[in-house]
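In: Any chance you can model this:
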Amino acid sequence: MTRPFEGVKILDFTQVLAGPYASYQLALLGADVIKVERREGEDMRRTPLSREWADRGLAPGWQAVNGNKRSLTLDLSRPEAIAIVKQLAAEVDVVMENFRPGVMDKLGIGYAELSAVNPRLIYCSISGFGQTGPERSGAGYDGKIQAMSGIMAITGHEETGPTRAGFAVCDVLSGATAAFGVSSALFQRSHTGKGQRVDVSMLEAALAFLSGQVADYTVAGHRQQLSGNQAVSRRATANLFRAGDGYLLLAVNNEKQYRALMTALGRTDVLEDPRFADWFARKENEPALRAIIEQALASKQPREWEKILDAAGAPCASIWKIEDVIDHPQISARGAVQEIDTPYGRLRFAGSGFQLAHGGGRLDSMAPELGAHTDEVLNSLGYGADAIADLRARAIV
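Out: This next block holds a predicted model:
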């Protein structure tokens, strides 16, 4: 079955996480992504999580966002390499890069140069702050954007202070934003025939995902505080509670769910307690309500309560580890973690995060060895074996 972006060609200069995550989403959906790397490969190929995989130049985190791509090595400081880029730009639909603003222009392969070669070209740039504005040249690191965007100001506990998310949230949401931006530009081109620049700012992408918190302030003047594990709803029963030897996250946000919770906990008497008559009273008397709930939850383990409360209509979840959730029956039933045969055995990776009735995201090939497709790509441009050997001898590819 044809996938949405089959036939779309992408020349991908991105590195680390935000950019590669973006192009990976498009590659899963059928785009032919040619990943351009320097001759020694990008640093993410050798992160220190696993020496075995780092020595192969295939660190797990790098593999996670570079499947279905082809690898071309080029020394972009050399005029011959820039000539190859321009030849490719004439044929591709999309160029993606996440260098600091101005770097691609200095190399001679910025938007102005490549769009002159190919007016239908969509040129996506991902940076910390965008291509314009007083902070345009600032470095865009995930932690920096988490701190600047307001995310860390609402993440953490009053007693311990702000904390960053447990994963590179700003990198991946910026990547998702970039993939959406490229998709939008491709769709618009189908009507206008024109290419364009897609300018993704990590800071703006983070703010877009904080739309509710932004509106809380701009509309109602509410100033956000560190919220710990409290839900955005601010319901006293939408929080993390001790249960047995662990924890249970309750997502009880309406009256029906509240009554279901108290009934399942064997505390129907609480439903008549004036201290907890409505959500305002429950918030005012939250410590007392928490004590009642945790006293009841102490009798069983989190996974037991998860089944009991879900069945009763009180939404909740125990705390699942990554190694557990990838084998959750729901994940398995939908094939959300995809498996692929590789020279190193059968490996598993996360997929698109959504499913289509036909032509959905699919992992066909593992992330490529460094330069694995250099000859193939150059052959497609008309370079013969002798010309390629000469480029390699002169350390251009």
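In: When you work out contacts or count neighbours from here on, use the C-alpha atoms and nothing else.
Out: Will do.
In: Just to check, residue 352 is in contact with residue 27?
Out: No - counting by C-alpha atoms under 8 Å, no contact exists between residue 352 and residue 27, whose distance comes to 9.9 Å.
In: the more surrounded of those two?
Out: Taking residue 352 and residue 27 together and counting by other C-alpha atoms under 10 Å, residue 27 has the greater number of neighbours (29 against 18).
In: Would you point out which residue is most central in the chain?
Out: residue 172 (2.5 Å; C-alpha atoms, centre = their mean).
In: how close does residue 190 sit to residue 9?
Out: 15 Å (C-alpha to C-alpha, to the nearest Å).
In: More neighbours: which of the two?
Out: Set side by side, residue 190 and residue 9 show unequal neighbour counts under other C-alpha under 10 Å, the larger going to residue 9 at 21 against 10.
In: who's that one bridged to?
Out: Per DSSP bridges, the residues bridged to residue 9 are residue 32.
In: contacting residues around it?
Out: For residue 9, the contacting residues are 31-34, 91-94, taking C-alpha atoms under 8 Å, 6 or more residues apart in numbering as the criterion.
In: got the residues you listed as TSV, with neighbour count, pLDDT and distance to residue 216 columns?
Out: Listed next are the contacts of residue 9 as TSV, based on neighbours: other C-alpha atoms under 10 Å; pLDDT from 0 to 100; distance: C-alpha to C-alpha, whole Å:
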residue	neighbour count	pLDDT	distance to residue 216
31	23	98	39
32	22	98	42
33	26	98	40
34	25	98	43
91	16	97	46
92	20	98	43
93	22	98	40
94	25	98	37
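In: can you redo the residues you listed as CSV with distance to residue 275?
Out: Below are these laid out as CSV (distance: C-alpha to C-alpha, whole Å):
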residue, distance to residue 275
31, 58
32, 61
33, 60
34, 63
91, 69
92, 65
93, 63
94, 60
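In: Spatially, which two of these are the most separated?
Out: Farthest apart among the contacts of residue 9 by C-alpha to C-alpha are 31 and 91. That separation is 13.7 Å.
In: what's the helix ranked longest in the chain packed up against?
Out: Assignment by DSSP state H gives helix 169-192 as the longest helix of the chain. In terms of contacts (3 or more C-alpha pairs under 8 Å, 6 or more residues apart in numbering; DSSP states H and E), helix 169-192 is packed against helix 18-28, strand 122-127, helix 142-149, strand 196-201, helix 202-209.
In: how big is the angle separating it from strand 122-127?
Out: Using axes from the mean of the first three to the mean of the last three C-alpha atoms, to 10 degrees, the inter-axis angle of helix 169-192 relative to strand 122-127 is 160 degrees.
In: Specify the angle between helix 169-192 and helix 142-149 in degrees.
Out: Using the same axes, to 10 degrees, helix 169-192 lies at 80 degrees relative to helix 142-149.
In: Identify each buried residue in helix 169-192, please.
Out: Taking 16 or more other C-alpha atoms under 10 Å as the neighbour-count basis, helix 169-192 is seen to contain the buried residues 169-179, 181-183, 185-186, 189.
In: Count the residues that sit near residue 245.
Out: Other residues near residue 245 come to 11 when the count uses other C-alpha under 10 Å.
In: Verify the contact between residue 245 and residue 301 for me.
Out: Yes - under the criterion of C-alpha under 8 Å, residue 245 is in contact with residue 301, at a separation of 6.3 Å.
In: Roughly how far does residue 111 sit from residue 382?
Out: Distance of residue 111 to residue 382, given as C-alpha to C-alpha: 25 Å.
In: which of the two has more neighbours?
Out: Neighbour count, other C-alpha under 10 Å: between residue 111 and residue 382, residue 111 has more, with 19 against 9.
In: Could you list everything the residue nearest to the more buried one when sequence neighbours are not counted pairs with in the sheet?
Out: For residue 111, ignoring the flanking residues on the chain, the nearest one in space by C-alpha to C-alpha, 6 or more residues apart in numbering is residue 123 at 6.3 Å. Applying DSSP bridges to residue 123 gives these bridge partners: residue 95, residue 197.
In: For the stretch 1-150 of the chain, just list every one of the strands.
Out: 9-12, 32-37, 69-73, 94-97, 122-127 (DSSP state E, counting those that start in this stretch).
In: who does the last one touch, helix- and strand-wise?
Out: In this structure, strand 122-127 makes packing contacts with strand 94-97, helix 169-192, strand 196-201, judged by 3+ C-alpha pairs under 8 Å, 6+ apart.
In: my guess is the residue nearest to residue 111 contacts residue 186, does it?
Out: No - taking C-alpha under 8 Å as the definition, residue 123 is not a contact partner of residue 186, at 10.6 Å.
In: any common contacting residues for those two?
Out: residue 195.
In: neighbours around residue 311, how many?
Out: Residues lying near residue 311 (other C-alpha under 10 Å) number 12.
In: Quick check: it is in a helix.
Out: Yes - following the definition DSSP: H, G, I helix; E, B strand; the rest coil, residue 311 is counted among the residues of a helix.
In: any idea how far the residue nearest to residue 80 when sequence neighbours are not counted is from residue 62?
Out: In this structure, residue 80 finds its nearest non-sequential neighbour in residue 396, 7.1 Å apart by C-alpha to C-alpha, 6+ apart. For residue 396, the distance to residue 62 under the criterion C-alpha to C-alpha works out to 24 Å.
In: Please say which of those two ends up with more neighbours.
Out: Neighbour totals were compared for residue 396 and residue 62, and residue 62 leads with 23 against 20 (other C-alpha under 10 Å).
In: what residues are up against the more buried one?
Out: Residue 62 touches 16-17, 44-45, 367, counting by C-alpha under 8 Å, 6+ apart.
In: From residue 215, how far out is residue 208?
Out: Noted for residue 208: a distance of 11 Å to residue 215, by C-alpha to C-alpha.
In: Repeat that for residue 258.
Out: Per C-alpha to C-alpha, residue 258 is found 28 Å from residue 215.
In: Just want to know which of the two has more residues nearby.
Out: residue 258 (20 against 12).
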